[in-house]
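> What shape does this take:
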Amino acid sequence: MGKQHLQPSGARQTRNRLSLHYREHCGPKSAKTLQRKAVRSVERVGIGKSKRKSRLKVKKEISGDSLSDRASSHGSEVSIAATARYSSAFESSIAAVVAAGLAGSFLPYLLRWYKSGHFVYIADLDNQYYLQLASRLYYGNLFPMRDPVLLHGVTIYQSLQFVPAVLLARMMGLPALEVDAVWYLWAGIALPLTFYFVFFQWLRRPWAAAFCGIVMLFDSGVHAGEPFFIQIIRLHQAAVGHFPVLDDGQSILGQWRIVDPAVGMPLLLFQVFFVSSAVERPKGRRLLVAAGISTALLFYTWFYYWTAAVGALSIAFIVDRSARRTYAKILGIGLIAGLPVIVDGLIIKPLLDSEALHRIGFFAPVPRLWFFPAPKGALLALLLTGVWIWLKNEREGLYLWCLALAALALSNNHIVSGMDLNADRWCFVWGTGLSILVLLMAVQLSLSSFRASRRAVVMVASVALLFELSAGTALRAIEVDRSLQARFILNGYKAFVSQVPSKVSQLLPENAVIAGDEEFCDLASIVSGVRPLAGYAAFKSLGIDDQEWESREALNAYLEGFSEQDFRSRASAMGEQYGWGRSANPLKGAMVEAGMMREFARMKCDPQPGIKGFGVRYVALHTARPDPDYLKRGWSLLEAGPYWRIWRKD
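Alright, predicted model coming up:
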């Protein structure tokens, strides 16, 4: 008791303060213990220490912070480097696939230029006919599409594949014949790019997408849905010398066919890309609008594209419940924007002659259960890719699969419609779609199954790509050199150039009707805008019935100086070609031959009604044939060239 009272009051107050301060954390302690703990606490924060020790502690803290900063900066540098590498791979792969596309597209031009000295390539009569259609736009109004033979004739072809190329050629000051080069330029750029982005959308690997895109450009089995397989078969046929006779220069690598699918297919691939993106990312309104607009553009491109797209959207609406609203909106936008084409078709349909449609196998009646164009390879590819898509969580590529299914179903439309619609044209849709899906499945399964041996996958892909490039180039060269129609047109073009075509446009006014040698008349209709009396363009003219077509051919043969026997062989050949596709009638050939011979006899008796009725003003006669007697009565010689003599009616 006494000791407690003997303690100073200051010490008692210090003890009370310390005990109150530390009692919460440490419990009741003695004064010395509490003082020692207080000193230790002060030391931890560096108060009351020497400056040297404080600096050491600060340096340690600063060094720790700098290490963390260096780690974060190193991570950002790694991320930037990875992004740069990916961007470089993206740009390099695009450049590679575009270079391959331009090489594949202009290879026929280069081969023609190397062997003949002429940088021009007209693959077949269809290619030449499309140039005649383009010439009508080049020398007249850009709208609407007009028939190459009839002054006010209509046609079933849409303007989107023709007007941009014609407009670009006119702006650049190119002649009408160079519209073909513009088409090939578009195909060489747009086709590889759209293939690339369709693949990249699902693969997300730049070089894998480039690999698949190049295969699609150089494989001859693309439009059968059997890449690699048909390529090997055709390469073997070429190696052993059993390659089939080629009638045209676009029958092996059909993806380069002008105008379809080389010009129109990029628009279909754009539609596949936007529709798939809108379905997989449903919150993007811009993608939805782009998908609807790209669907509408197909209406202005080709009948076989928009019908397949509408069918695919309808099938996807039924199959894919989670995206039904998206498919419905896309289909609605496409139908509303494409409605003018449908209305225009309904207006034009009565103006088209039914016999002319039957000549080219369009809207011709056929037995409903006579044939079923469903290749086994395509059906197998459709089944395998469908199971593969269905087993995936996100079901990527479902719309593309529906597109292939719709095109295959439309190929058998005759079962319901009972009409031939040139159903083989839908193979450009289902064949391309199935080939894309087969390649996607093969690449994705390879990348997921062989992750440990990535180098082996790269080596196998390199070997496969080298095979496709070399085989595709060889087949493309065979296609150019051995095509009967391409060689025939090239010989005519050489002679036409020697005729000094710069004078042709001055001698032959636009819309004038020219008769005579078909080689000259067809090329002159492209170069100067004249209208041929007969030939392939008259055969395909949908405003000319069979009797008028027979009269035109008979009058043309008479003006050309043919004898009755010579014309009979030509009439027999044209009768055999009457009717395309499944609707071709073997008995019709004899009827056509008889009709042409009857018209020829009538023209020999009095050609003046035919000349006046069809408005013939010019005749081009080959120098190898003698001048007919009718030229002595009311005809004057305009030009006597090395291959043709051009006469004008007074």
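
> Pull the number of nearby residues for residue 388.
Neighbourhood size, residue 388 [other Cβ atoms under 10 Å]: 18. Placement of C-beta: from N, CA and C, glycine included.

> That one sits in which helix or strand?
Using DSSP states H and E, residue 388 falls within helix 376-391.

> Let's see that helix as PDB, backbone CA atoms only.
Extracted in PDB, the C-alpha atoms of helix 376-391 (Å, rounded to 0.1, in the frame of the first residue of the first chain):
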ATOM      1  CA  LYS A 376     -23.800 -39.700-103.800                       C
ATOM      2  CA  GLY A 377     -20.700 -37.700-102.800                       C
ATOM      3  CA  ALA A 378     -22.700 -34.600-102.100                       C
ATOM      4  CA  LEU A 379     -25.300 -36.500-100.000                       C
ATOM      5  CA  LEU A 380     -22.500 -38.100 -98.000                       C
ATOM      6  CA  ALA A 381     -20.800 -34.700 -97.400                       C
ATOM      7  CA  LEU A 382     -24.100 -33.200 -96.400                       C
ATOM      8  CA  LEU A 383     -24.700 -36.000 -93.900                       C
ATOM      9  CA  LEU A 384     -21.200 -35.900 -92.400                       C
ATOM     10  CA  THR A 385     -21.000 -32.100 -92.100                       C
ATOM     11  CA  GLY A 386     -24.600 -32.000 -90.700                       C
ATOM     12  CA  VAL A 387     -23.700 -34.500 -87.900                       C
ATOM     13  CA  TRP A 388     -20.500 -32.600 -87.200                       C
ATOM     14  CA  ILE A 389     -22.300 -29.200 -86.900                       C
ATOM     15  CA  TRP A 390     -25.100 -30.700 -84.700                       C
ATOM     16  CA  LEU A 391     -22.600 -32.200 -82.300                       C
END
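
> and it, what other elements does it pack with?
When contacts are defined as 3 or more Cβ pairs under 8 Å, 6 or more residues apart in numbering; DSSP states H and E, helix 376-391 sits against helix 398-410, helix 427-449.

> Can you say which of these is packed in most?
Among the helices and strands packed on helix 376-391, helix 398-410 has the highest mean neighbour count (mean count of other Cβ atoms under 10 Å), at a mean of 25.

> Can you check what angle separates it from helix 427-449?
Put simply, helix 398-410 runs at 140 degrees to helix 427-449, going by axes from the mean of the first three to the mean of the last three Cα atoms, to 10 degrees.

> following helix 398-410, which helix or strand comes up?
For helix 398-410, the succeeding helix or strand toward the C-terminus, using DSSP H and E, is helix 414-417.

> Now that next one: buried residues?
Applying a neighbour-count criterion of 16 or more other Cβ atoms under 10 Å, one finds residue 414 buried in helix 414-417.

> And the strands in the chain, which stretches?
362-365, 419-421, 513-516, 531-532, 616-622, 635-640, 644-649 (DSSP state E).

> Which one of the ones you listed lies nearest to residue 383?
Closest to residue 383 of these is strand 419-421 (Cβ to Cβ; 25.6 Å).

> List the neighbouring strands of that closest one plus their orientation.
Strand 419-421 has its sheet partners listed here by DSSP bridges as strand 362-365 (antiparallel).

> The partner strand: how far from the chain's middle?
27 Å (Cα atoms, centre = their mean, to the nearest Å).

> Show residues contacting it.
156, 354, 357, 358, 418, 419, 420, 421, 422, 579, 581, 583 (Cβ atoms under 8 Å, 6 or more residues apart in numbering).

> For that strand, give the mean pLDDT please.
The pLDDT scores in strand 362-365 average 84.

> thinking again about what came up before, the helix holding residue 388 vs helix 427-449, what angle?
50 degrees.

> Give the buried residues for helix 376-391.
For helix 376-391, by 16+ other Cβ under 10 Å, it's 377, 378, 381, 382, 385, 386, 388, 389.

> And stretch 362-377, by the same measure?
362, 363, 364, 366, 375, 377.

> Then stretch 634-650?
635, 638, 639, 641, 643, 644, 645, 646, 647, 648, 649.

> among the contacts of strand 362-365, which two are most distant?
156 and 418 (19.8 Å).

> And the pLDDT for residue 21?
Reported pLDDT for residue 21: 40.

> let me redo that: residue 284
Reported pLDDT at residue 284 in the predicted model: 73.

> now, which of the buried residues of stretch 362-377 sits nearest residue 617?
Distances from residue 617 to the buried residues of stretch 362-377, taken by Cβ to Cβ, are shortest for residue 362, at 31.5 Å.

> Settle this for me: residue 137 is touching residue 166, isn't it.
Yes. Between residue 137 and residue 166 there is a contact under Cβ atoms under 8 Å: 4.6 Å.

> What residues sit buried inside stretch 181-195?
So for stretch 181-195, counting by 16+ other Cβ under 10 Å, buried means 181-188, 190-195.

> Sketch out the low-pLDDT regions of this protein for me.
Within the chain, the segments meeting pLDDT under 70 span 1-79, 81-82, 450-452, 500-505.

> Spell out for me which residue occupies the centre of it.
residue 265 (2.3 Å; Cα atoms, centre = their mean).

> Let me have the helices and strands packed on helix 376-391 in TSV, extended by distance to residue 336.
Output for these, formatted as TSV (distance: least, Cβ to Cβ, whole Å):
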stretch	distance to residue 336
helix 398-410	20
helix 427-449	23
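
> Counting neighbours, what do you get for residue 306?
Residue 306: 24 neighbours (other Cβ under 10 Å).

> Not counting residues beside it along the chain, what's closest to it?
residue 298 (4.1 Å; Cβ to Cβ, 6 or more residues apart in numbering).

> Then residue 476?
Per Cβ to Cβ, 6+ apart, closest to residue 476 is residue 107, 5.2 Å.

> How many residues are close by that neighbour?
Residue 107 - counted by other Cβ under 10 Å - has 21 other residues nearby.

> Could you do residue 236 as well?
11.

> and it, what does it touch?
Shown in contact with residue 236 (Cβ under 8 Å, 6+ apart): no residues.

> That one and residue 150: what is the separation?
From residue 236 across to residue 150, the span is 47 Å (Cβ to Cβ, to the nearest Å).

> swap in residue 341?
Distance from residue 341 to residue 150, by Cβ to Cβ: 22 Å.

> What remains of the contacts of strand 362-365 if I keep only buried residues?
With burial judged by 16+ other Cβ under 10 Å, the buried subset of those is 357, 358, 419, 420, 421, 422, 579, 581, 583.
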